[in-house]
Structure formats: C-alpha cells, structure tokens
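1. Curious how this folds, go ahead:
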Amino acid sequence: MEINTCINHDVPPLSPDDTLEKARECFLELTNTHLPVVKDGHLVGNVSEEDMAGFDLEKKISDYGYALDAFFVGEHTHWLEVLEEFAGNNANIMPVLDKEGKYLGYYELTDIMGLFRETPFFNEPGGILIVEKGSTDYTFSEISQIVESNNGKLLGAFISSGQGDRAQITLKVGNTGLNAIIQSFRRYGYSIVMGNEDDMYLASLRERSDYLKKFLNI
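-> Prediction:
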C-alpha cells in the first residue's frame with residue numbers, strides 16, 4: 001500500500017506573515033478543519049478554522065503562533081498511524097514531513113480512508129466477529145490460532161474498544177462460517193459481542209466500532 005502517492009499539494013500552505021483574513025478566506029473556499037503554516041520549508045503549525053472565531057482577522061498568523069496546533073506525520077509513517085493522528089487531532093488534513101523536518105505536502109482524510117477500504121478487511125467476503133476478553137488475557141497469536149484451527153482465514157483484526165480492563169477485538173473472517181469459530185472463542189474464555197455472517201460488515205462496523213466512527217464522522 002503506497003501511502004506516499006496520496007501526498008497532496010493542491011492547497012498551498014499559509015505563511016506566518018499572512019493575515020488571519022487570508023486564512024479565513026481559504027477556509028471559506030475549502031472544507032478543511034486546519035491549514036498548514038510553513039516558513040522556509042518547515043512546518044510552523046496548523047491554524048484551526050474553529051480557533052479563527054477568536055482571532056483578530058487584521059493581525060498576522062504569527063501573532064497567534066501560540067495557538068497553532070502542532071501535529072504532522074512523517075513521509076514513512078504507516079497508514080494506520082496516520083489514521084490515529086487524524087482521529088487524535090480531530091482533523092481532516094495532515095501535514096507530511098520528510099526525515100529532515102521539511103514540509104512535503106499533506107494527506108486528506110478521505111484519501112487515507114480510501115486506502116483502508118481497499119484492504120482485504122473490507123473487500124473480501126466474510127463475516128464480522130467482535131470478541132471481548134481481559135486486556136491482559138488475550139494475544140493476537142491466540143486469536144489467529146483459534147480462527148485458523150477452524151479452517152477460517154483471518155482477513156484483519158483491530159482493537160475496537162479498550163476501556164478499563166476489557167478489550168474488544170473486531171475480526172474479519174473468511175473461508176468459513178462463524179459458528180464453530182464462535183464456540184472455540186467461548187471455550188478459550190472470550191465473550192462474543194457480535195457475530196455477523198452476512199456481507200453487511202461495513203454497516204456493522206460503523207454501528208459497533210467507535211474507532212472507525214471517529215474517522216468516518218470527521
């Protein structure tokens with residue numbers, strides 16, 4: 001998955017010497033939550049559309065340097081970590097820097113989510129299973145072994161909830177029905193939160209997984 005091909009340059013970054021009025025005009029034309037601010041090829045920070053309400057539009061962006069949001073990813077950051085950064089910063093645009101800290105462009109959330117939808121987790125037919133166990137009582141190797149010992153194919157797995165001492169793990173399973181796998185998970189001490197053998201897994205994920213909701217609803 002070549003995430004670097006998603007680096008975008010369509011919207012030029014702002015300069016610290018630009019006025020807040022110019023930033024406001026950019027926000028009116030775009031759907032971005034933030035705009036990168038760059039000086040001499042290096043990211044200074046990100047100005048937030050939400051913060052603009054409290055700014056004097058006649059002043060420069062540099063006058064509010066303390067209020068800029070400092071988030072970015074590296075050019076080789078894994079796409080899952082990029083998604084986490086989007087969610088953690090409530091942003092739909094993510095500056096990309098090279099290893100020397102120079103600004104390369106930005107990712108758009110919709111493009112990165114598009115990569116996620118192209119993975120076997122979404123594309124290949126199969127059933128969705130959400131299991132729960134103590135946070136220190138499960139391993140992904142055990143989960144994989146349970147699925148494969150029942151002739152299933154684990155197409156993907158992620159922690160969809162990790163509150164308190166319990167963890168919920170969402171699985172996409174191909175090649176077989178879920179009944180035998182569900183029974184095996186129960187024998188290993190897992191609780192079954194949801195088992196869905198229909199091919200409506202995307203709707204189920206959106207309903208059940210706060211993790212993906214955070215990305216899809218930004």
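2. List the residues that contact Glu132.
-> Glu132 sits next to 166-169, 190-193 when contact means CB atoms under 8 Å, 6 or more residues apart in numbering. From N, CA and C alone the C-beta is placed, and that goes for glycine too.
3. Check it and give its pLDDT.
-> Listed pLDDT for Glu132 reads 94.
4. all helices for the chain, in order.
-> Secondary structure of the chain (DSSP state H): helices located at 20-29, 79-88, 109-117, 120-123, 140-149, 179-187, 201-208, 210-216.
5. And those: which comes nearest Phe55?
-> helix 20-29 (4.8 Å; CB to CB).
6. How many neighbouring residues does Val131 have?
-> Around Val131 there are 25 other residues, counting by other CB atoms under 10 Å.
7. so it makes contact with Arg166?
-> No: the pair Val131 and Arg166 does not pass the contact test of CB atoms under 8 Å, sitting 10.8 Å apart.
8. Identify the bridge partners of Gly105.
-> Val96 (DSSP bridges).
9. That one against Asn8, yeah?
-> Yes: using CB under 8 Å, Gly105 is in contact with Asn8, at 5.5 Å.
10. the more surrounded of these two?
-> Ranked by neighbour count (other CB under 10 Å), Gly105 and Asn8 place Gly105 first, with 18 against 14.
11. list the contacts for the more buried one?
-> By CB under 8 Å, 6+ apart, the neighbours of Gly105 are 7-9, 95-96.
12. Can you point out the buried residues in stretch 44-58?
-> 44-49, 51-52, 55 (16 or more other CB atoms under 10 Å).
13. returning to that earlier point: which pair in the contacts of Gly105 has the greatest spatial separation?
-> Once CB to CB is applied, the contacts of Gly105 give His9 and Pro95 as the farthest pair, at 11.6 Å.
14. Comparing these two, which shows the higher neighbour count?
-> Each of His9 and Pro95 has its neighbours counted (other CB under 10 Å); Pro95 has more, 25 against 9.
15. Test my guess that that one contacts Val44.
-> No: between Pro95 and Val44 there is no contact under CB under 8 Å: 10.1 Å.
16. Geometric centre of this protein: which residue is closest?
-> Taking CA atoms, centre = their mean, the centroid of the chain lies closest to Leu83, which sits 2.2 Å from it.
17. Verify the stated contact: that residue with Arg117.
-> No: counting by CB under 8 Å, Leu83 does not reach Arg117; the two are 11.9 Å apart.
18. Now list whatever residues contact both of the two.
-> Common neighbours of Leu83 and Arg117 are not found (criterion: CB under 8 Å, 6+ apart).
19. related to what we said a few turns ago, out of the helices of the chain, which is closest to Pro36?
-> Closest among the helices of the chain, using CB to CB: helix 20-29, at 10.9 Å.
20. Serialize the contacts of Gly105 to CSV and add fields for distance to Lys22 and pLDDT.
-> Shown next, in CSV, are the contacts of Gly105 (distance: CB to CB, whole Å; pLDDT from 0 to 100):
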residue, distance to Lys22, pLDDT
Ile7, 24, 93
Asn8, 20, 93
His9, 19, 93
Pro95, 18, 97
Val96, 23, 96
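21. Outline the domain layout of the protein.
-> 3-116, 120-216 (automatic domain parsing).
22. weakest of these in terms of mean pLDDT?
-> Ranked by mean pLDDT, those end with domain 120-216 in last place, scoring a mean of 79.
23. tally of neighbours for the closest residue to Ser15 other than its chain neighbours?
-> In this structure, Ser15 finds its nearest non-sequential neighbour in Lys39, 6.4 Å apart by CB to CB, 6 or more residues apart in numbering. For Lys39, the neighbour count with other CB under 10 Å is 16.
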